[in-house]
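Novice: predicted structure and sequence below. I'll ask about it afterward.
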Amino acid sequence: AALAGAESLLKSNDYEAALIGYRSALAIKPAEVYPKTKITEIEKLITEQTSRKEAYDIAIKNGDQALGEKKYDPALAHYRNALTLLPGEQYPALKIEEINALATQQKSTDENFRKALDEADLKFKQQKYEDAIVSYTKSLGFKPGEAYPQQKIAEARDLLAAIRNMEENYSSAVANGDRL
């Protein structure tokens, strides 16, 4: 009876309870080899399960850290690893979905930023500096910390100031010439 109960517990993956059942069966019949074999097998399974759980915990910790640092590819790799270690866990699956959504959003932001930047660079090359400033400012709406658009805005403002200064000097020279 103890042996049958232990078998049932083992099939349901309740290793700790199955181990107790096999030890009880062994206590009843100490010379039996089968319970000893099963005890060794279960102890090995428990050790593997423990090391798998530890590896899973490390993968989750590393995934969470990478995600917190917005390093999506490494985070994704860690969460996928966690899923291979414990396939039934929902947390890594949810995090993978979250990263995929963030990646889609990031791709859209990158595309919009690039489009605004290309438009701004074209206007800058055409010497339409005020329009270029508007487009560079628009690109900063997608990626506020980017240095390039800020540099180009400053450059465009400097060029506009220089053009205005030259126009004022020209107007002044013409006015002085007219007085002669």
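Specialist: Perfect, I can see it now.
Novice: from here on, contacts and neighbour counts on C-alpha atoms
Specialist: Noted.
Novice: list the contacts for the residue lying closest to residue 137 once chain neighbours are set aside?
Specialist: Of all residues not flanking residue 137 in the chain, residue 149 sits nearest, at 7.2 Å (CA to CA, 6 or more residues apart in numbering). By CA atoms under 8 Å, 6 or more residues apart in numbering, residue 149 lies in contact with 117, 136-137, 139-140.
Novice: in what helix or strand does residue 149 lie?
Specialist: helix 147-179 (DSSP states H and E).
Novice: how far away from the center of its chain is that helix?
Specialist: 46 Å (CA atoms, centre = their mean, to the nearest Å).
Novice: again, but for stretch 4-11
Specialist: Worked out by CA atoms, centre = their mean, stretch 4-11 lies 43 Å from the chain centre.
Novice: list the buried residues in that stretch.
Specialist: With burial defined by 16 or more other CA atoms under 10 Å, the residues of stretch 4-11 counted as buried are 6-7, 9-10.
Novice: what sits up against that stretch?
Specialist: 15, 17-22.
Novice: what pLDDT does the most centrally placed residue in the chain get?
Specialist: Geometric centre of the chain, nearest residue: residue 72, 2.2 Å, by CA atoms, centre = their mean. According to the prediction, residue 72 has pLDDT 91.
Novice: how near is it to residue 91?
Specialist: Note on residue 72: its distance to residue 91, by CA to CA, to the nearest Å, is 16 Å.
Novice: can you pull out the low-pLDDT segments for this protein?
Specialist: 180 (pLDDT under 70).
Novice: in which helix or strand would I find residue 80?
Specialist: Here residue 80 is assigned to helix 72-85, by DSSP H and E.
Novice: kindly apply the preceding question to residue 46 instead.
Specialist: helix 33-68.
Novice: mind listing what's buried in that helix?
Specialist: 35-36, 38-39, 42, 46, 52, 55-56, 59-64, 66-67.
Novice: ok, stretch 114-131 next?
Specialist: Buried residues in stretch 114-131 (16+ other CA under 10 Å): 116-121, 123-124, 129-131.
Novice: re earlier: from the contacts of residue 149, pick the one nearest residue 167.
Specialist: Nearest to residue 167 among the contacts of residue 149 is residue 136, at 25.0 Å by CA to CA.
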